[in-house]
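Enquirer: Output the structure for:
(one chain, ligands or ions: 3)
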Amino acid sequence: MEGYLEGIRPIRDLEIENKRVFIRVDFNVPLDENGAITDDSRIREALPTIKHALERGARVILASHLGRPKPGKMTDAELKKLSLEPCGSHLAGLLGTEVMMPEDCVGDAAKKVVYDLRAGQVCLLENLRFHAEEEKNDEAFARELAEHAEVYVDDAFGAVHRAHASVHGMAKTFRDRGCGFLLEKEILALGKLVTAPDKPYVAVLGGAKVSDKIAVLEALLQKVDALLIGGAMANTFLAAKGLNLQASKIETDKLPLARTILEKARELKVDVVLPTDVVVAGSLGASSGQVVNAGAVPEGTMALDIGPSSLRDFTQRFVKAKTVFWNGPMGLFEKEPFAAGTFGVARALAESSAFTVVGGGDSAAAVYAAGDAVAKKMGHISTGGGASLELIEGKKLPGIEVLRRPE
Ligand SMILES: Nc1ncnc2c1ncn2[C@@H]1O[C@H](COP(=O)(O)OP(=O)(O)O)[C@@H](O)[C@H]1O
Ligand SMILES: O=C(OP(=O)(O)O)[C@H](O)COP(=O)(O)O
Ligand SMILES: [Mg+2]
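Expert: Ligands and ions are numbered 1, 2, ... in the order given. Sure thing, here's the model as predicted:
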């Protein structure tokens with residue numbers, strides 16, 4: 001997997017002293033209803049790169065997205081909830097230094113802060129996705145971002161599968177570009193799953209980003225011996241098999257793809273294990289749930305966790321496994337009544353002798369929330385869900401490829 005880093009200069013080899021250094025980070029952290037950060041691991045994981053740059057006298061410009069704001073379609077109050085301000089304040093506490101925060105990522109306010117930075121000072125630009133151009137990989141927007149700096153460093157592993165302006169478009173305009181310590185660490189750690197995972201190799205998929213991640217499953221079937229599906233991802237598969245999931249979150253336009261994947265799995269003799277029971281409730285805010293058969297979801301309710309029988313089925317698969325990759329919580333684990341499936345999988349993986357990799361902003365948060373003892377037993381906890389999935393599928397990721405320089 002070291003070959004995967006070929007042609008990519010690590011930050012330690014870049015000339016950064018007194019230079020304006022743009023570091024793309026992934027501070028897309030989970031927030032609670034009050035906007036408080038519930039898991040700061042993505043911020044902590046970026047610290048080695050940030051500290052390295054500051055200690056070497058760089059003028060550091062940090063940038064990230066947070067959530068999925070829809071500029072023009074959301075109210076100002078809704079957008080404000082996705083401000084990076086809490087991340088900047090939290091980072092200031094972790095670094096023990098001031099973090100300047102301009103109110104936008106481009107324009108005069110940002111330029112003023114950026115050009116006033118002294119060596120060893122840091123600023124955090126406001127949410128990149130407050131501009132629709134970010135996700136469109138818009139060239140003019142990428143140029144505006146690039147004007148901030150002389151050196152470009154990507155340490156946002158969780159976002160390298162996105163061909164967005166701050167990850168892709170702007171990066172190519174820099175001669176001096178490279179990767180941060182987190183990106184390097186992730187690629188090396190996930191490498192084992194790309195090259196020669198010990199078999200049996202089991203993948204556990206869940207979470208909410210179904211339309212993003214379902215396409216990856218087709219390629220993953222070529223690599224794994226069993227695919228266990230929980231979370232909202234399972235709803236689409238159960239519906240594809242003809243079950244009525246009632247008010248559950250389902251991606252109806254992905255039903256044909258789910259059927260294709262089930263068909264292909266049969267041909268390849270890959271076991272697809274779906275929940276046989278689920279925990280249902282009438283709303284996301286319900287104070288309790290009810291365990292029902294996956295084929296008997298009551299009208300007006302939605303599946304918000306896998307049930308105890310499903311957890312047992314999943315756990316059994318970990319006993320014989322030599323390698324397990326897990327992305328996506330098994331349910332709405334942020335709410336106590338729907339957390340048992342996710343924490344159950346985390347605990348079972350901690351007990352298993354398999355080499356375990358857990359990836360995803362929310363999955364990692366769940367593993368840390370399950371406790372230190374559980375988190376310490378994982379082989380690797382990746383900051384990226386979609387990114388790690390696409391990497392282990394064997395895909396070339398735009399945010400990584402763009403960093404390569406011949407010579
Ligand atoms: N059955 C479900 N219904 C609603 N939301 C779910 C369900 N299962 C999981 N989720 C939600 O999925 C989210 C995480 O999904 P995702 O971002 O795809 O995972 P990760 O960040 O680990 O890659 C969590 O916030 C969780 O509450
Ligand atoms: O949280 C992220 O991915 P993940 O939920 O798959 O771990 C990344 O920050 C990417 O976010 P995006 O899926 O909105 O592009
Ligand atoms: Mg997530």
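
Enquirer: Roughly how far does the residue in the stretch 301-407 of the chain positioned nearest to ligand 2 sit from residue 366?
Expert: Closest to ligand 2 within the stretch 301-407 of the chain is residue 385: 2.6 Å, counting by CB to the nearest ligand atom. Using the backbone N, CA and C atoms, a C-beta is placed for each residue, glycine as well. Between residue 385 and residue 366 the computed distance is 11 Å (CB to CB, to the nearest Å).

Enquirer: what's the overlap in contacts for the two?
Expert: Common neighbours of residue 385 and residue 366 are not found (criterion: CB atoms under 8 Å, 6 or more residues apart in numbering).

Enquirer: check contacts around the closest residue to ligand 1 within the stretch 51-200 of the chain.
Expert: Taking CB to the nearest ligand atom, ligand 1 has its nearest neighbour within the stretch 51-200 of the chain at residue 158, 8.3 Å off. The contact partners of residue 158, by CB under 8 Å, 6+ apart, come to 26, 28, 42, 361, 383, 384, 385, 386, 387.

Enquirer: run the last query once more with 10 Å
Expert: 25-28, 42, 45, 64-65, 182-183, 186, 359-361, 364, 382-388, 399 (CB atoms under 10 Å, 6 or more residues apart in numbering).

Enquirer: Also residue 358?
Expert: Contacts of residue 358 (CB under 10 Å, 6+ apart): 204, 324-328, 345-346, 349, 364, 366-368, 374-375, 378-382, 385, 388.

Enquirer: now swap in residue 399 and tell me
Expert: Counted by CB under 10 Å, 6+ apart, residue 399 has contacts 24, 154, 156-164, 166-168, 171, 179, 183, 387.

Enquirer: Could you turn the buried ones of those residues into a ChimeraX selection?
Expert: Buried subset of these, written as a ChimeraX selection, criterion 16 or more other CB atoms under 10 Å:
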select :24,154,156,157,158,159,160,161,162,163,164,166,167,168,171,179,183,387
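
Enquirer: Okay, and which of the contacts of residue 399 map to strands?
Expert: 24, 154, 179 (DSSP state E).

Enquirer: Can you report how many residues lie near the residue in the stretch 201-350 of the chain that ligand 1 sits nearest to?
Expert: Nearest residue of the stretch 201-350 of the chain to ligand 1, counting by CB to the nearest ligand atom: residue 207, 2.7 Å away. Counted by other CB atoms under 10 Å, the residues lying close to residue 207 total 24.

Enquirer: which parts of the stretch 251-400 of the chain sit against ligand 3?
Expert: With CB under 5 Å from the ion as the criterion, the stretch 251-400 of the chain meets ligand 3 at residues 361, 362.

Enquirer: Strands of the stretch 251-400 of the chain, residue ranges please.
Expert: Assigned by DSSP state E, counting those that start in this stretch, the strands in the stretch 251-400 of the chain fall at 271-273, 277-281, 290-293, 302-306, 323-327, 355-359, 380-382.

Enquirer: wait, does the third one contact ligand 1?
Expert: No: contact between strand 290-293 and ligand 1, assessed by CB under 6 Å from any ligand atom, is absent, since the two come no nearer than 13.5 Å.

Enquirer: ok now stretch 233-246, how far from the chain's centre?
Expert: Distance of stretch 233-246 from its chain centroid, counting by CA atoms, centre = their mean, to the nearest Å, is 24 Å.

Enquirer: on that earlier part again, now the strands of the stretch 251-400 of the chain in JSON lines, with distance to residue 121 and mean pLDDT?
Expert: Shown next, in JSON lines, are the strands of the stretch 251-400 of the chain (distance: least, CB to CB, whole Å; pLDDT from 0 to 100):
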{"stretch": "strand 271-273", "distance to residue 121": "52", "mean pLDDT": "98"}
{"stretch": "strand 277-281", "distance to residue 121": "49", "mean pLDDT": "98"}
{"stretch": "strand 290-293", "distance to residue 121": "54", "mean pLDDT": "98"}
{"stretch": "strand 302-306", "distance to residue 121": "45", "mean pLDDT": "98"}
{"stretch": "strand 323-327", "distance to residue 121": "37", "mean pLDDT": "98"}
{"stretch": "strand 355-359", "distance to residue 121": "33", "mean pLDDT": "97"}
{"stretch": "strand 380-382", "distance to residue 121": "30", "mean pLDDT": "98"}
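
Enquirer: I'd say residue 142 and residue 169 touch.
Expert: Yes: between residue 142 and residue 169 there is a contact under CB atoms under 10 Å: 3.1 Å.

Enquirer: anything in contact with each of these two?
Expert: 133, 134, 136.

Enquirer: coming back round to it: now tabulate the strands of the stretch 251-400 of the chain in JSON lines and tack on distance to residue 335.
Expert: Below are those laid out as JSON lines (distance: least, CB to CB, whole Å):
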{"stretch": "strand 271-273", "distance to residue 335": "24"}
{"stretch": "strand 277-281", "distance to residue 335": "9"}
{"stretch": "strand 290-293", "distance to residue 335": "14"}
{"stretch": "strand 302-306", "distance to residue 335": "8"}
{"stretch": "strand 323-327", "distance to residue 335": "20"}
{"stretch": "strand 355-359", "distance to residue 335": "20"}
{"stretch": "strand 380-382", "distance to residue 335": "22"}
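
Enquirer: pull the CA atoms of stretch 96-105 into CSV?
Expert: Once non-C-alpha atoms are left out, stretch 96-105 reads as follows in CSV (Å, rounded to 0.1, in the frame of the first residue of the first chain):
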residue,chain,number,x,y,z
GLY,A,96,-4.0,26.5,23.7
THR,A,97,-3.8,29.3,21.1
GLU,A,98,-6.1,31.7,19.4
VAL,A,99,-7.8,30.5,16.2
MET,A,100,-9.0,33.4,14.0
MET,A,101,-12.3,32.8,12.3
PRO,A,102,-13.4,34.9,9.4
GLU,A,103,-17.1,34.9,8.7
ASP,A,104,-16.6,33.4,5.2
CYS,A,105,-14.1,31.2,3.4
